[in-house]
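K.L.:
give me a 3D structure for the following:
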Amino acid sequence: MSRFAVMTLTDAAIERVDEIVSNSAETPLGIRVGVKNGGCAGMEYTVDLVTEADPKDDAVQAGDHTVYIAPQAVLFLLGTQMDYEVTKLRSGFVFNNPNQTSACGCGESVTLTPASPEALANA
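P.N.:
Numbers count the residues shown, from 1 in each chain. The predicted structure follows:
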């Protein structure tokens, strides 16, 4: 674990992580959050099950499980709050990210800028 939390999770997100991991046919340790190039706004968030921890991952405790943050995503996710919401139209994780500068109309992809050195110094 790092000296500071890259991300925080709401109670709803923690409950959903616990549900996903507990209901998996595999025996995962938690989930990994990352970012990848894609979508009309340039980047997309990724969420995958983790069966083997990568020592380079950052980690945040989420209830009984762990949310791992992919090393290449840390600067893009610094200060992010991960939430889970259910609406009439969709359900899923929502990332309240101070590094997000815009999003596409459907909300599936975002434009992210890396956190500044000042943000790292204050974390």
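K.L.:
now D18, what's its secondary structure?
P.N.:
helix (DSSP: H, G, I helix; E, B strand; the rest coil).
K.L.:
how close does it sit to D57?
P.N.:
Note on D18: its distance to D57, by Cβ to Cβ, to the nearest Å, is 19 Å. For every residue, glycine as well, the C-beta is placed using N, CA and C.
K.L.:
kindly report the same for N37.
P.N.:
Here the criterion is Cβ to Cβ. By it, N37 lies 20 Å from D57.
K.L.:
so for the two, which residue has more residues nearby?
P.N.:
For N37 versus D57, neighbours defined as other Cβ atoms under 10 Å are more numerous around D57 (22 against 8).
K.L.:
what sits against that one?
P.N.:
R32, Y68, I69, A70, P71 (Cβ atoms under 8 Å, 6 or more residues apart in numbering).
K.L.:
neighbour-wise, which one of those residues leads?
P.N.:
Top of those by neighbour count (other Cβ under 10 Å): I69, with 25 neighbours.
K.L.:
hmm, it is touching I31, no?
P.N.:
No. Proximity of I69 to I31 does not meet the contact threshold set by Cβ atoms under 8 Å, at 10.1 Å.
K.L.:
spell out the secondary structure type for the most centrally placed residue in the chain.
P.N.:
The geometric centre of the chain, computed from its C-alpha atoms, lies nearest to V33 (Cα atoms, centre = their mean), at 4.0 Å. Remark: V33 carries the secondary structure label strand [criterion: three-state DSSP].
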